[in-house]
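Chemist: below is the sequence, then the predicted model.
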Amino acid sequence: MPDSHVPLPPGTAGTPASTLAAEIAGWINSAPVRELVAAFGGRPPETRPGELLAWLDDFSARHWDFRGGRERPEAREPDLDPGIARLVVEAARLLGMVEATPPPQPVYQHLIVLGGLAHACLRRTGYAAHLIRSGLTVTGVIAALGSLRPLSQAERDNLAAIGVTDCGTEVDALNAGVRRAFGSSRPTPGPPVRVLAAPSSDPTVRRAHTADTQRFWAGQVRLSPGDRVLVVTAPIYVPFQHCDAIRTLGVPYGCAIDTVGVDPTLADAPLPEPTLTPGRYLQEVRSAIRSMRTLHASVSAVEPHA
């Protein structure tokens with residue numbers, strides 16, 4: 001397996017649909033993806049990107065979906081051969097899902113912190129505060145985006161262990177993280193911070209997901225073409241959440257999107273980082289494939305032959 005990282009579709013403002021489609025094709029045809037598929041007995045067809053994405057979606061549903069519609073902490077861990085487990089972790093590294101990277105620009109108009117499990121809410125808000133203290137300039141508002149997903153008992157117990165006892169939902173945990181990281185709703189000096197609870201676009205089926213929170217936030221602010229948006233998440237989620245942000249913010253609003261994973265050594269979060277297993281990485285490779293499939297479909301509607 002080559003040692004170079006596989007680039008994600010560019011988040012540059014005004015990126016042509018054909019370029020996004022070509023970069024998606026490069027990612028799904030990359031050596032790490034193909035070697036993962038081969039390790040699980042698959043042989044990707046030589047076909048157009050849209051058809052390959054559909055094939056990969058189906059393949060990953062059969063081999064890498066350990067959630068079965070459940071929340072991520074409830075996913076089962078597969079019993080993998082040690083050699084395959086090592087291959088999975090190395091592929092994840094080359095796909096940009098393991099190592100944290102700093103923001104590539106010094107100035108952004110907007111910074112959004114994506115919610116998640118309770119420990120992630122504290123870690124990501126803590127990292128956002130670190131970035132501001134370290135000199136990152138945000139000319140607009142910092143927004144922490146979450147859903148009304150009820151916290152599990154384990155999440156509530158973890159928060160209670162550090163003295164946080166009034167959190168019932170994900171957005172409550174984000175709010176606690178903001179107050180802990182920034183001291184109030186406004187860092188000093190720095191931009192104001194807002195915590196938003198997004199509704200689901202399909203409330204009878206599921207809670208709000210990443211794209212829902214990004215769309216909801218976009219409806220609360222005034223986005224202009226060329227605005228730079230920094231998305232803060234965990235490294236394991238960077239590929240799929242970056243593609244979601246391009247689809248929901250970059251393409252319709254003409255924004256530039258950079259997505260970075262938290263460096264846990266700089267986040268000043270009191271809760272321990274869960275161990276990321278090969279099964280977790282495979283699950284999020286599947287998430288990236290599905291997000292890229294949706295993004296590819298949206299840009300192919302602009303250029304039908306992409």
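Modeler: Happy to help now that I have it.

Chemist: who's in contact with the residue lying closest to Pro10 once chain neighbours are set aside?
Modeler: Excluding the flanking residues, the one nearest Pro10 by C-beta to C-beta, 6 or more residues apart in numbering is Glu23, at 6.2 Å. All C-beta atoms are positioned from the backbone trio N, CA, C, and that covers glycine. Counting by C-beta atoms under 8 Å, 6 or more residues apart in numbering, Glu23 touches 7-10.

Chemist: again with Pro272
Modeler: Contact partners of Pro272, counting by C-beta under 8 Å, 6+ apart, are His119.

Chemist: report the secondary structure state of it.
Modeler: Taken by DSSP: H, G, I helix; E, B strand; the rest coil, the conformation at Pro272 corresponds to coil.

Chemist: that one and Glu99, how far apart?
Modeler: Using C-beta to C-beta, to the nearest Å, one obtains 19 Å as the distance from Pro272 to Glu99.

Chemist: check Arg124 too.
Modeler: Taking C-beta to C-beta, one finds Arg124 at 16 Å from Glu99.

Chemist: got the residue ranges for the helices in the chain?
Modeler: For the chain, applying DSSP state H gives helices covering 17-28, 31-39, 49-63, 82-94, 118-133, 153-161, 170-182, 210-218, 238-245, 251-253, 278-302.

Chemist: in the first one, what's buried?
Modeler: It refers to helix 17-28. Buried residues in helix 17-28, counting neighbours by 16 or more other C-beta atoms under 10 Å, are found at 17, 19-21, 23-25, 27-28.

Chemist: work out the gap between that helix and the centre of the chain.
Modeler: Offset of helix 17-28 from its chain centre (C-alpha atoms, centre = their mean, to the nearest Å): 19 Å.

Chemist: swap in the second one?
Modeler: Between the centre of helix 31-39 and the centre of its chain there are 22 Å (C-alpha atoms, centre = their mean).

Chemist: pLDDT score for the residue of the chain positioned farthest from its centre?
Modeler: Within the chain, Glu46 marks the point farthest from the mean C-alpha position, 28.7 Å out by C-alpha atoms, centre = their mean. Glu46 carries a pLDDT value of 93.

Chemist: for it, give its distance to Leu249.
Modeler: Distance of Glu46 to Leu249, given as C-beta to C-beta: 33 Å.

Chemist: next: Thr169.
Modeler: Distance from Thr169 to Leu249, by C-beta to C-beta: 24 Å.

Chemist: over to Pro9?
Modeler: Pro9 sits 13 Å away from Leu249, going by C-beta to C-beta.

Chemist: between these two, which contacts overlap?
Modeler: Residues touching both Pro9 and Leu249 (C-beta under 8 Å, 6+ apart): there are none.

Chemist: that older thread, of Thr169 and Leu249, who's got more company?
Modeler: Leu249 (25 against 17; other C-beta atoms under 10 Å).

Chemist: what sits against the more buried one?
Modeler: Contacts of Leu249 by C-beta under 8 Å, 6+ apart are 214, 218, 223, 229, 255, 257.

Chemist: do I have it right that the fourth one meets Ala245?
Modeler: What it means is Val229. Yes: judged on C-beta atoms under 8 Å, Val229 makes contact with Ala245 at a distance of 7.0 Å.

Chemist: wait, Lys242 sits on Pro7?
Modeler: Quick fix: residue 242 reads His, not Lys. No: using C-beta under 8 Å, His242 makes no contact with Pro7, being 10.9 Å away.

Chemist: between these two, who's got more neighbours?
Modeler: Neighbour count, other C-beta under 10 Å: between His242 and Pro7, His242 has more, with 26 against 11.

Chemist: what sits against the more buried one?
Modeler: The neighbours of His242, taking C-beta under 8 Å, 6+ apart as the test, are 8-9, 11, 231, 257, 259.

Chemist: before we move on, what about Ser147?
Modeler: Listed by C-beta under 8 Å, 6+ apart, the contact partners of Ser147 are 115, 169-171, 197-198, 200, 207-209, 212-213.
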